[in-house]
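Participant: Coordinates for the following, if possible.
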Amino acid sequence: MKRYTLPRDTYYGPGALDALKDLHGEKAIVVVGGGSMKKFGFLDKVVANLKEAGMEVELFENVEPDPSVETVMAGAKKMQEFKPDWIVAMGGGSPIDAAKAMWIKYEYPEITFEEMVVPFGLPKLRNKAKFVAISSTSGTATEVTAFSVITDYEKGIKYPIADFNITPDIAILDPALVETMPKNLIAYTGMDALTHAFESYVSTANSPFTDPLAIHAIQMVFEYLEKSYNGDLEAREQMHYAQCLAGQAFSNALLGIVHSMAHKTGAVFSTGHIIHGYANAMYLPYVIQYNMKDETALKRYGEIGKNLGLSGTDEEIANELIKMIRGLNAKFDIKNNLRDFGIKEDEFKEKIDAIATNAVADACTGSNPRSIDVATMKKLFEYVYEGKDLDF
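Facilitator: Residues are numbered from 1 along each chain as shown. Presented below is the predicted three-dimensional model:
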């Protein structure tokens, strides 16, 4: 038996924030990031709407990009003291992901972080609170997914929490929140969404329910992302919906080794973070090359291309898709390899064994269409570092 899970309600379009006025409860805590939601008045709007619904409101602010285990524990402590019956997370992927993890710890104070990251191993939630996610970026789709990514900075590793329990109860997609996104964020989150759709379509857990969402999301990204990047607000609204469709697909079909690689390299190098969407954009063409050796995956890449109007053999289409992805990367100034990104060769060689081991152990690896072991993962990373086309 398989499962397909989405939020009970998704509110979208202009004025969608007003859905908060219809919530029923006594207390709500709002988890938010570093300031843009406050700067542009959206935080005040959310608080006002919750108060209009008759709730006492508390804030947990300044969740950092790539939220830490420590932030999660601090937020959970505040929830345990305030005792909300609604958790409202707003902003990009970071505050929403952090709030999901806080929610787990709030409901189960004795649970450890190590227990939280066991895939699909969480106890039942919603004993104390329900969850609303309000997305201000167009990429992670965490507002509709069963995933959260939390960083252990001591280990330099990003850990995905994967469990249908943390799928939000309500998702809110108000296009006003993405109108002020900076260009680099539009690019990186858009490529993140594209990766979600690609990986979910070729995943071993794909289904008749997820395939149409993934295909349509891919079509929308290729149609709207560059226009959104160049300032077209209508395209920006459509990208907000495209990333949500991709999220609904991958939350149920799961992902692949592009995400495994991005999770395990995002915080590990001394030269600084590789932003998640940037890493996905860089790694995706290489992983397509790797997966093309799997007959089923190659056929599905062919289906993606044919839905985009491409023709030829499946191999020709897959190679054309790689060119299209790299074409977008070039327009967004995303490098094609880790050397050009600025990763030092001696540090790469020093850390690659551990990175490869951790990437293979990542929760996303199991649903990749072509299996991979540590030695092959290391080889794949070495090709990515040099920018070489795969020959294995």
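
Participant: okay, now K2: neighbour count?
Facilitator: 7 (other C-beta atoms under 10 Å). Where C-beta positions appear, they are placed from N, C-alpha and C, glycine not excepted.

Participant: How about it, nearest residue that isn't a chain neighbour?
Facilitator: The shortest distance from K2 to any non-neighbouring residue, by C-beta to C-beta, 6 or more residues apart in numbering, is to S207 (6.7 Å).

Participant: Kindly report the same for K293.
Facilitator: In space, and not counting its chain neighbours, K293 is closest to R370: 6.1 Å by C-beta to C-beta, 6+ apart.

Participant: What separation do you get for that neighbour and S311?
Facilitator: Plainly put, R370 is 25 Å away from S311 if you go by C-beta to C-beta, to the nearest Å.

Participant: which of those two has more neighbours?
Facilitator: Taking other C-beta under 10 Å, R370 and S311 do not tie; R370 has more neighbours (19 against 10).

Participant: and that one, what is it in contact with?
Facilitator: Y290, N291, K293, D294, A297 (C-beta atoms under 8 Å, 6 or more residues apart in numbering).

Participant: all helices of the stretch 51-200 of the chain, in order?
Facilitator: 69-82, 93-107, 113-116, 183-202 (DSSP state H, counting those that start in this stretch).

Participant: how about those helices in TSV, adding mean neighbour count and distance to E303?
Facilitator: Output for the helices of the stretch 51-200 of the chain, formatted as TSV (neighbours: other C-beta atoms under 10 Å; distance: least, C-beta to C-beta, whole Å):
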stretch	mean neighbour count	distance to E303
helix 69-82	18	39
helix 93-107	27	28
helix 113-116	15	36
helix 183-202	26	8
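
Participant: Let me have the ones you listed in JSON lines, adding mean pLDDT as columns.
Facilitator: As requested, the helices of the stretch 51-200 of the chain are exported to JSON lines (pLDDT from 0 to 100):
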{"stretch": "helix 69-82", "mean pLDDT": "98"}
{"stretch": "helix 93-107", "mean pLDDT": "97"}
{"stretch": "helix 113-116", "mean pLDDT": "95"}
{"stretch": "helix 183-202", "mean pLDDT": "97"}
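
Participant: okay, these in JSON lines with distance to N307 next?
Facilitator: Below are those laid out as JSON lines (distance: least, C-beta to C-beta, whole Å):
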{"stretch": "helix 69-82", "distance to N307": "39"}
{"stretch": "helix 93-107", "distance to N307": "27"}
{"stretch": "helix 113-116", "distance to N307": "37"}
{"stretch": "helix 183-202", "distance to N307": "10"}
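
Participant: Tell me the spacing between E199 and N291.
Facilitator: As for E199, its distance to N291 is 9 Å (criterion: C-beta to C-beta).

Participant: which neighbours do the two share?
Facilitator: By C-beta under 8 Å, 6+ apart, E199 and N291 have these common neighbours: G256, N368.

Participant: Surely T10 is in a strand?
Facilitator: Yes. Judged by DSSP: H, G, I helix; E, B strand; the rest coil, T10 forms part of a strand.

Participant: residues touching the residue nearest to it when sequence neighbours are not counted, list them.
Facilitator: Spatial nearest neighbour of T10, excluding adjacent residues (C-beta to C-beta, 6+ apart): A171 at 4.5 Å. For A171, the contacting residues are P7, D9, T10, Y11, V132, A133, I134, S135, E143, V144, C244, by C-beta under 8 Å, 6+ apart.

Participant: quick check, nearest of these to A375?
Facilitator: Nearest to A375 among the contacts of A171 is V144, at 36.3 Å by C-beta to C-beta.

Participant: Number of residues surrounding K124?
Facilitator: If we define neighbours as other C-beta under 10 Å, then K124 has 8 of them.

Participant: swap in the one 3 residues further on?
Facilitator: For N127, the count of nearby residues is 9 (other C-beta under 10 Å).

Participant: wait, isn't it in contact with I104?
Facilitator: No. The pair N127 / I104 is not scored as a contact, 11.3 Å apart, by C-beta atoms under 8 Å.

Participant: Now do the strands in the stretch 101-250 of the chain.
Facilitator: With strands called from DSSP state E, counting those that start in this stretch, the stretch 101-250 of the chain shows them at 130-135, 147-152, 157-162, 170-173.

Participant: weakest of the ones you listed in terms of mean pLDDT?
Facilitator: Note on those: strand 157-162 shows the lowest mean pLDDT, a mean of 88.

Participant: Parallel or antiparallel, list what pairs with it.
Facilitator: strand 147-152 (antiparallel) (DSSP bridges).

Participant: can you list the residues that contact the strand it pairs with?
Facilitator: Around strand 147-152, the neighbours that count as contacts under C-beta under 8 Å, 6+ apart are 66-69, 72, 93, 96-98, 100-101, 113, 117, 142, 157-162, 166, 251, 263, 266-267, 276.

Participant: pull the CA atoms of that strand into CSV?
Facilitator: The C-alpha coordinates for strand 147-152 follow below in CSV (Å, rounded to 0.1, in the frame of the first residue of the first chain):
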residue,chain,number,x,y,z
PHE,A,147,10.2,17.4,4.6
SER,A,148,12.4,19.8,6.7
VAL,A,149,16.1,20.4,6.4
ILE,A,150,18.1,21.3,9.6
THR,A,151,21.8,21.9,9.8
ASP,A,152,24.1,20.5,12.4
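
Participant: For it, list every residue counted as buried.
Facilitator: By neighbour count on 16 or more other C-beta atoms under 10 Å, the buried set for strand 147-152 is F147, S148, V149, I150, T151, D152.

Participant: same check, this time on stretch 379-392
Facilitator: Buried residues in stretch 379-392, counted by 16+ other C-beta under 10 Å: K379, L380, F381, Y383, V384, Y385, L390.

Participant: Cool, thanks, signing off.
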